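In: With the input below, show me the fold.
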Amino acid sequence: MRFLIVDQSREFRGALAGMLRARWPAAQTDDWDPSQRGNPGSSVAAGGYSAVLLESHPAGEDGLAWVERIRQDPKAPPVVLIADQGDTHVAIQALKAGAADFLRKSGLTPERLARSLEDALREHEARRIEQAGARSGTATSTRLDWKNIGAPLGDNVVRIPGYRSLRMIGRGGMAQVYLAERAIDGTQLVLKVLDRSLRKDAVFLKRFQREYRLISAIENEHVARIFDQGFTGEYPYIAMEYLAGGTLAAKIHEGMTSLAALRLTAQLARALEAIHAHGIVHRDLKPQNIMFRDNGRPVIVDFGLAKDLINAEALTQQGQVMATPRYMSPEQCTGNPADARSDLYSLGVIFYEMITGHKIFESEGPAGLVKAHVHDQVPALPERLAGYQGLLDRLLAKKPDERFQSARELFATIAV
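Out: Model (predicted):
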């Protein structure tokens, strides 16, 4: 690993180098004093650097312009912008300029810096692989070392014709989840086999069949691919892509930078735009229903509660609350109709959790959460995140008319 540190302060360059070696003991660091050497520009791409750490006002100039110049070369490494201060506007501009992340000097720790760089390097590698595949005209895929995933199969494996189960990766009260491969072509996927008692539940069967129909109509890189759905004997099953990157809930637990959260919010806005364009409202967006491919791209899963606004059917009892109270919109809490703006409220709750590391209205139980979503003010962000308050307030407005009116509007606001 080799890093270029561009900052006028010798002391801060030394501090960053120490943080880098705390994560990568063998890391090499090159100092660059912008007041003496100017903008490294195109020389960065030829320098063999893993990433560049750039101060926000090098030599008194605009660091965003420096980011743009460095990133003009497609071979340039990721650039992390580090500032004394900043707000939502600065973070958004950094994202649009091509920065991999935006960090503040105050409160910067080796752990936070390492997470930022690891995310940046993973995204950079994913783009490199995608571009290589596009140039060659071939798709890129990775065979899993499945023996290290999940647990060995037990004696009560439900056999699904056309699939070979490899490992048990999940078990709940109403389902068993296997890593499997499709017999016809060896495609590795997830096989979710549901309890056979559900076969006799008419409401479940309608929802089960509709979920497959809804998702199959959406072609978007941020929506999970479902390959098959059906029944083997009395057992309903779903075959869907295996998402090796885990859940957003796990990433939040590990800690996220604010710009990583902003970038992810933009990606999820694109996914919601595609979903809503098909007249579908997810209605249960939460960190557990956002997973990642092995290239780091987020994917929305679990459309079991999704509502088709074009062919609306009442598949739940009147007044029954089925979504997760932590992420429900005020209109869901009060039993009122929920349109696409309801998903944006849920995304706002997730955004709060990503940037703070804490759950919204954390001390409340289910009944208290419902009351808080309907009546309580949007929590005030800590000072270091105060620049995001305006964005959060608009996402979490109690009245749908006061929120972003579409996922497209949200995306246009925070990304290019």
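In: worst-scoring helix or strand of the chain, pLDDT-wise?
Out: strand 307-308 (a mean of 52; mean pLDDT, DSSP states H and E).
In: So the closest residue to residue 242 other than its chain neighbours versus residue 241, what's the distance?
Out: In space, residue 242 comes closest to residue 190 once its chain neighbours are excluded; the distance is 4.9 Å by Cβ to Cβ, 6 or more residues apart in numbering. Placement of C-beta: from N, CA and C, glycine included. Here residue 190 is placed at a distance of 7 Å from residue 241 (Cβ to Cβ, to the nearest Å).
In: Would you verify that the residue nearest to residue 242 is located in a strand?
Out: Yes: judged by DSSP: H, G, I helix; E, B strand; the rest coil, residue 190 forms part of a strand.
In: Please name the bridge partners of it.
Out: Residues in a beta bridge with residue 190, per DSSP bridges, are residue 179, residue 240.
In: Give the full set of residues in contact with it.
Out: Counting by Cβ atoms under 8 Å, 6 or more residues apart in numbering, residue 190 touches 169, 177, 178, 179, 180, 239, 240, 241, 242, 243.
In: Residue 52 sits in which helix or strand?
Out: Under the criterion of DSSP states H and E, residue 52 resides in strand 51-55.
In: For the chain, which segments count as strands?
Out: For the chain, the strands defined by DSSP state E cover 2-6, 28-32, 51-55, 79-83, 101-104, 163-171, 175-182, 188-194, 226-232, 235-241, 280-281, 290-292, 298-300, 307-308.
In: where's the fifth one relative to the chain centroid, distance-wise?
Out: Relative to the centre of its chain, strand 101-104 is centred 18 Å away, using Cα atoms, centre = their mean, to the nearest Å.
In: In the sheet, which strands lie alongside that strand, parallel or antiparallel?
Out: Neighbouring strands of strand 101-104 in its sheet, by DSSP bridges, are strand 79-83 (parallel).
In: Name the surrounding residues that touch the strand it pairs with.
Out: Contact with strand 79-83 is made by 7, 16, 51-57, 63-64, 67, 70-71, 90, 94, 98-105, 108, 116-117, 120, as judged by Cβ under 8 Å, 6+ apart.
In: For ChimeraX, write the select line for the buried members of the residues you listed.
Out: Here is the ChimeraX command that selects the buried residues among the contacts of strand 79-83 (16 or more other Cβ atoms under 10 Å):
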select :7,16,51,52,53,54,55,56,63,64,67,70,71,90,94,98,99,100,101,102,103,104,105,108,116,117,120
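In: returning to what we had before: and which of the contacts of residue 190 is nearest residue 186?
Out: Lowest distance from residue 186 to the contacts of residue 190 (Cβ to Cβ) belongs to residue 180, with 10.6 Å.
In: got a list of what the closest one touches?
Out: Taking Cβ under 8 Å, 6+ apart, one finds 160, 163, 164, 165, 166, 188, 189, 190, 191, 239 in contact with residue 180.
In: ok, for it, nearest residue in space, not its chain neighbours?
Out: The nearest residue in space to residue 180 (Cβ to Cβ, 6+ apart) is residue 191, at 4.1 Å.
In: Then residue 238?
Out: That would be residue 192: by Cβ to Cβ, 6+ apart, it lies 4.6 Å from residue 238.
In: do you know how far the one you found is from residue 244?
Out: From residue 192 over to residue 244 the distance is 16 Å, taken as Cβ to Cβ.
In: Neighbour count: these two, which is higher?
Out: Shown here are residue 192 and residue 244; by other Cβ atoms under 10 Å, residue 192 has more neighbours (20 against 14).
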